[in-house]
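Undergrad: Give me a 3D structure for the following:
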Amino acid sequence: QLQLVESGGGLVQPGGSLRLSCRASGFTLDYYAIGWFRQVPGKEREGVSCISRSGGMRNYAASVKGRFTISRDNAKNTVYLQMNSLKPEDTAVYYCGAGDVCSRINDYWGQGTQVTVSS
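TA: You can find the predicted model right below:
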C-alpha cells in the first residue's frame with residue numbers, strides 16, 4: 001500500500017519543541033518533494049514548509065520561519081519537521097504530502113498528526 005505516515009504529534013507547552021516525522025510506505029521518497037501542511041477546524045489547509053527532492057531547496061511560511069526546520073533522510077525514507085518555540089497558534093493537525101515539486105504536492109497524503117500547544 002502506497003502511503004505517507006506522520007508521527008510525533010502531541011501536547012506541548014508554549015515554548016516547547018516537537019519533531020514530526022513523515023515516513024513513506026510502499027514507495028521511495030527520493031523522487032518526491034515533500035511538504036508539511038496544517039489545518040484547524042473551519043479553516044483551509046495552510047502550507048507550512050516544503051523540501052525539494054535533493055534537499056537543496058527548503059521554504060517556510062512566514063509564521064514559522066526561524067522556528068521550524070524541515071529535513072530529509074532518504075536512507076530512512078523519512079522527512080522531518082523540527083518545531084521549536086511552539087506557540088498556541090501552531091495548534092493544528094499536521095499533514096505531509098508528496099509531489100514532483102513543492103508547487104505540486106498532490107501525489108500522496110498522510111492521515112495527519114495532532115499538535116496541541118497549550119499550558
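Undergrad: Just say helix, strand or coil for the residue positioned nearest the centre of the chain.
TA: Central residue of the chain (Cα atoms, centre = their mean): Trp36, 3.0 Å from the mean position. Using DSSP: H, G, I helix; E, B strand; the rest coil, the structure places Trp36 in strand.
Undergrad: Which residue, other than its chain neighbours, is closest to it?
TA: The shortest distance from Trp36 to any non-neighbouring residue, by Cβ to Cβ, 6 or more residues apart in numbering, is to Val48 (4.4 Å). Using the backbone N, CA and C atoms, a C-beta is placed for each residue, glycine as well.
Undergrad: wait, the one you found sits on Cys96?
TA: No. With contacts defined as Cβ atoms under 8 Å, Val48 does not count as touching Cys96, sitting 9.6 Å away.
Undergrad: Parallel or antiparallel, which strands does the strand or helix carrying the residue nearest to Trp36 pair with?
TA: Assigned by DSSP states H and E, Val48 falls within strand 46-51. For strand 46-51, the paired strands and their directions (DSSP bridges) read strand 33-39 (antiparallel), strand 58-60 (antiparallel).
Undergrad: May I see the buried residues of the last one?
TA: Put plainly, it is strand 58-60. Tyr60 (16 or more other Cβ atoms under 10 Å).
Undergrad: Now that strand: average pLDDT?
TA: Strand 58-60 shows a mean pLDDT of 98.
Undergrad: who's in contact with the nearest residue to Ser52 once chain neighbours are set aside?
TA: Of all residues not flanking Ser52 in the chain, Ala33 sits nearest, at 5.2 Å (Cβ to Cβ, 6+ apart). By Cβ atoms under 8 Å, 6 or more residues apart in numbering, the contact set of Ala33 is 50-53, 98-102, 105.
Undergrad: Pairing partners for Ala33 in the sheet, please.
TA: Here Ala33, judged by DSSP bridges, has bridge partners Gly99.
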